[in-house]
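**Student:** Show me how the following folds:
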Amino acid sequence: MYRSYRGTISLLLTVSLLSAAVTGCQFLPKKAEENTEEAADTSIEVSTANPQVRDVAIKSNFSATIEADSTVVVIPKAAGEVVEKYFEVGDHVMEGDLLFKIDDENAKLQVDQAKAVVDSAKAGYTAQQATAASTKAQANETIARISSNEAQLDMAVDSAYAQKRSAGDQFQSSMTAEDYYETEYYEAKDDLSDMKKKKKKLKKQSDEMEDLMNAYYAKLGAEGEEGAKKWLKSQGFDSEKELKDAYSGAASAYSAADSAVDQLENAIQSYDLQKRTNGYNTDSAEMNYYTAQENVALAEQNRDIYKNFTKATTLFGVNASIVGADAGLVNSESNLRQAKVNLENAEMALDNYTVTAPVSGTITDIGISLHNMASSATAAYTIETDAKNKIVFYVAEGTVDSVRAGNDALVSKNGNEFAAKIINVGNTLDPETGLFKVEAAMVDSSNTFINGSTVSIKTITRESRNAITVPGDAVYYDDEQAYVFVSEDSKAVRRDVETGISDDEGIVITKGLGKKDDVIVSWSSQLRDGAGIKVISAEKNSDNNASEEKGGAVAKRISDPAEITAGEASTEISSEENGEDR
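**Tutor:** Numbers count the residues shown, from 1 in each chain. Sure thing, here's the model as predicted:
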């Protein structure tokens with residue numbers, strides 16, 4: 001997958017560079033463009049080789065037990081007082097017959113204690129599961145609150161901006177009102193000044209008209225109507241009525257002017273009050289506006305601190321609590337597993353206090369006696385077995401078909417290795433292990449081991465004969481699809497393949513390649529289906545008579561470890577070249 005990813009990146013870069021080159025060349029003269037295209041050679045230099053036909057085998061190590069030697073020495077794994085003893089020298093016993101029992105009271109106590117530890121570990125694991133679930137629930141709640149807190153902080157910023165706009169509008173309205181009443185105040189004062197001048201003038205006219213009226217009545221009394229009319233004529237009036245109307249008009253004009261002065265003075269007082277009131281309102285609105293500005297800055301600061309710092313700290317704490325809860329759960333589970341292992345060990349140790357015959361045979365010697373001490377330092381029974389020496393191990397169902405009688409095996413013990421042969425492969429599952437029993441025999445019968453001892457045995461568990469193989473670097477993967485590139489007409493052509501087992505030299509191709517195919521074996525991130533190539537080296541097989549096969553599907557480069565029941569897998573190449581994939 002990594003190789004496919006790297007190839008995709010290189011392909012994208014190549015396409016980008018080619019696109020840039022084409023764009024740039026559009027501005028060159030036609031002849032220069034043709035020369036540039038002829039000079040560019042983007043072929044990828046590669047090496048090719050035909051697939052190799054060879055045998056590939058996988059061998060696996062198993063833990064085996066030595067059983068049923070010609071003479072078996074029964075040595076107890078536990079020490080203590082012999083409380084029961086059966087059989088005597090010369091008696092024949094069957095495999096599984098009870099030979100003797102050792103006092104097991106302490107061992108039973110160990111089992112009881114181990115059970116108590118298991119119960120405690122189970123309770124601890126259950127409690128830790130509840131703690132982990134609660135921690136994760138709290139973490140989810142905290143994460144949910146993070147979104148809610150962010151939304152609230154965003155709303156606080158929006159609200160602060162709305163308050164700022166409202167305060168700004170109020171500030172502007174107060175200033176406008178203050179300016180309006182100030183203008184009205186000074187205009188009213190100017191009008192008052194004019195009206196006072198007008199009133200003074202009208203007062204003078206009214207007084208003059210009053211003097212004329214008084215003079216007219218004096219003439220009328222002194223000189224009579226004729227004399228009075230003459231006088232009126234000399235003053236520009238045609239009649240007494242005209243004089244009275246003029247007098248009344250002057251008096252009314254003066255009275256109106258006097259009233260206007262009073263109204264203007266009242267208006268000035270009112271405008272002055274409104275001007276000062278709105279001045280106070282303007283100052284208050286200005287203060288509110290700047291306070292709203294500060295509130296906006298504070299709301300934005302609180303939001304940014306939460307998003308940039310508090311949120312990260314909270315998430316870190318949440319992750320830490322989850323990791324801690326998971327770690328505690330893993331630790332509790334580990335404690336439970338360890339307690340179960342200890343219980344199994346205690347139960348196994350308890351079983352060691354009851355000793356049975358490991359094989360069928362005749363008792364030739366007894367080294368213990370009733371109520372005396374038995375230990376692993378002293379042989380308890382010696383039994384001449386009815387069966388020959390054999391090495392027993394067990395394999396899984398997926399492996400048993402590949403293990404055949406007659407196959408070679410290699411036994412290892414304390415750094416030494418011994419040749420062996422598979423002599424029997426069971427065809428039914430062992431009820432205790434759920435596996436298939438396999439028996440092997442030493443090639444050299446003089447090589448013997450203590451009955452019941454453990455050895456390591458290696459034998460073939462999977463092989464592919466006459467297999468088509470390619471180097472590991474020649475195989476690419478597109479997700480789960482394996483493929484190779486073959487050279488065809490100076491082009492790299494993608495070929496989907498199915499893979500089998502692999503070893504250090506390469507991978508078995510079970511479908512999709514023929515022996516004559518020229519496989520590109522040099523790895524390159526620029527290879528892609530249809531890319532131009534230049535072969536700088538090519539290896540051909542001496543014998544290419546096999547027919548070519550092509551196919552699809554895929555199997556990953558792996559030796560199928562699920563079928564290996566014990567030990568670690570290893571690979572070997574056989575020198576034989578006949579047979580089939582087993």
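**Student:** Give me the contacts around stretch 184-191.
**Tutor:** With contacts defined as Cβ atoms under 8 Å, 6 or more residues apart in numbering, stretch 184-191 is touched by L264, A267, I268, Y271, D272, Q274, K275. Any C-beta I mention is one placed from the backbone N, CA and C, and that applies to glycine too.
**Student:** Convert the C-alpha atoms of it to PDB, please.
**Tutor:** Extracted C-alpha coordinates of stretch 184-191, given in PDB (Å, rounded to 0.1, in the frame of the first residue of the first chain):
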ATOM      1  CA  GLU A 184     -33.000  76.500  17.800                       C
ATOM      2  CA  TYR A 185     -31.700  78.200  21.000                       C
ATOM      3  CA  TYR A 186     -29.400  80.600  19.100                       C
ATOM      4  CA  GLU A 187     -32.000  81.300  16.400                       C
ATOM      5  CA  ALA A 188     -34.600  82.100  19.100                       C
ATOM      6  CA  LYS A 189     -32.200  84.500  20.800                       C
ATOM      7  CA  ASP A 190     -31.600  86.200  17.500                       C
ATOM      8  CA  ASP A 191     -35.400  86.400  16.900                       C
END
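**Student:** in what helix or strand does V72 lie?
**Tutor:** Under the criterion of DSSP states H and E, V72 resides in strand 71-74.
**Student:** go on, T364?
**Tutor:** Assignment of secondary structure by DSSP H and E places T364 within strand 361-366.
**Student:** What are the buried residues along that strand?
**Tutor:** Residues of strand 361-366 classed as buried by neighbour count (16 or more other Cβ atoms under 10 Å): G361, I363, I366.
**Student:** Is S376 located within a helix, as I assumed?
**Tutor:** No - S376: not assigned to a helix; according to DSSP: H, G, I helix; E, B strand; the rest coil it is coil.
**Student:** can you pull the pLDDT of it?
**Tutor:** For S376, the model assigns a pLDDT of 86.
**Student:** Could you measure from it over to N281?
**Tutor:** 105 Å (Cβ to Cβ, to the nearest Å).
**Student:** More neighbours: the two, which one.
**Tutor:** When neighbours are counted by other Cβ atoms under 10 Å, S376 and N281 differ, and N281 comes out ahead with 17 against 12.
**Student:** which SS class is that one?
**Tutor:** N281 is classified as helix under three-state DSSP.
**Student:** residues touching the closest residue to it other than its chain neighbours, list them.
**Tutor:** Take N281 and drop its neighbours on the chain: the residue closest to it by Cβ to Cβ, 6 or more residues apart in numbering is S174, 4.3 Å away. Counting by Cβ under 8 Å, 6+ apart, S174 touches N278, N281, T282, S284, A285.
**Student:** and I66, how many neighbours does it have?
**Tutor:** 21.
**Student:** What strand or helix carries V392?
**Tutor:** strand 390-395.
**Student:** Quick one, grab the pLDDT at G398.
**Tutor:** So G398 comes in at 84 (pLDDT).
**Student:** count of neighbours near it?
**Tutor:** Neighbourhood size, G398 [other Cβ under 10 Å]: 14.
**Student:** Could you check how many residues crowd around the closest residue to V74 other than its chain neighbours?
**Tutor:** If the residues on either side of it in the chain are set aside, V74 comes closest to Y381, at 3.9 Å by Cβ to Cβ, 6+ apart. Y381 has 25 neighbours, counted by other Cβ under 10 Å.
**Student:** For A267, which non-adjacent residue is closest in space?
**Tutor:** A188 (4.8 Å).
**Student:** Report the mean confidence score over the helix or strand hosting that neighbour.
**Tutor:** Of the helices and strands defined by DSSP H and E, A188 is found in helix 105-234. Taken as a whole, helix 105-234 has a mean pLDDT of 92.
**Student:** Stretch 513-530 now?
**Tutor:** For stretch 513-530, the mean per-residue pLDDT is 92.
**Student:** Same question for it: list its buried residues.
**Tutor:** The neighbour-count check on stretch 513-530 (16+ other Cβ under 10 Å) flags 513-515, 517-525, 527-528 as buried.
**Student:** In JSON lines, list the residues you listed along with distance to Q138 and secondary structure.
**Tutor:** Formatted as JSON lines, those follow (distance: Cβ to Cβ, whole Å; DSSP: H, G, I helix; E, B strand; the rest coil):
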{"residue": "L513", "distance to Q138": "57", "secondary structure": "coil"}
{"residue": "G514", "distance to Q138": "62", "secondary structure": "coil"}
{"residue": "K515", "distance to Q138": "64", "secondary structure": "coil"}
{"residue": "D517", "distance to Q138": "61", "secondary structure": "coil"}
{"residue": "D518", "distance to Q138": "63", "secondary structure": "coil"}
{"residue": "V519", "distance to Q138": "57", "secondary structure": "strand"}
{"residue": "I520", "distance to Q138": "56", "secondary structure": "strand"}
{"residue": "V521", "distance to Q138": "57", "secondary structure": "coil"}
{"residue": "S522", "distance to Q138": "56", "secondary structure": "coil"}
{"residue": "W523", "distance to Q138": "50", "secondary structure": "coil"}
{"residue": "S524", "distance to Q138": "52", "secondary structure": "coil"}
{"residue": "S525", "distance to Q138": "47", "secondary structure": "coil"}
{"residue": "L527", "distance to Q138": "52", "secondary structure": "coil"}
{"residue": "R528", "distance to Q138": "51", "secondary structure": "coil"}
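**Student:** Tell me which two in those are the farthest apart.
**Tutor:** K515 and S525 (28.0 Å; Cβ to Cβ).
**Student:** So for this structure, the centremost residue is which one?
**Tutor:** Geometric centre of the chain, nearest residue: N319, 11.6 Å, by Cα atoms, centre = their mean.
**Student:** Give the helix, strand or coil label for that residue.
**Tutor:** Per three-state DSSP, the secondary structure class of N319 is helix.
**Student:** helices or strands up against the strand holding V392?
**Tutor:** Applying 3 or more Cβ pairs under 8 Å, 6 or more residues apart in numbering; DSSP states H and E, we find strand 390-395 packed against strand 52-67, strand 436-442, strand 454-470.
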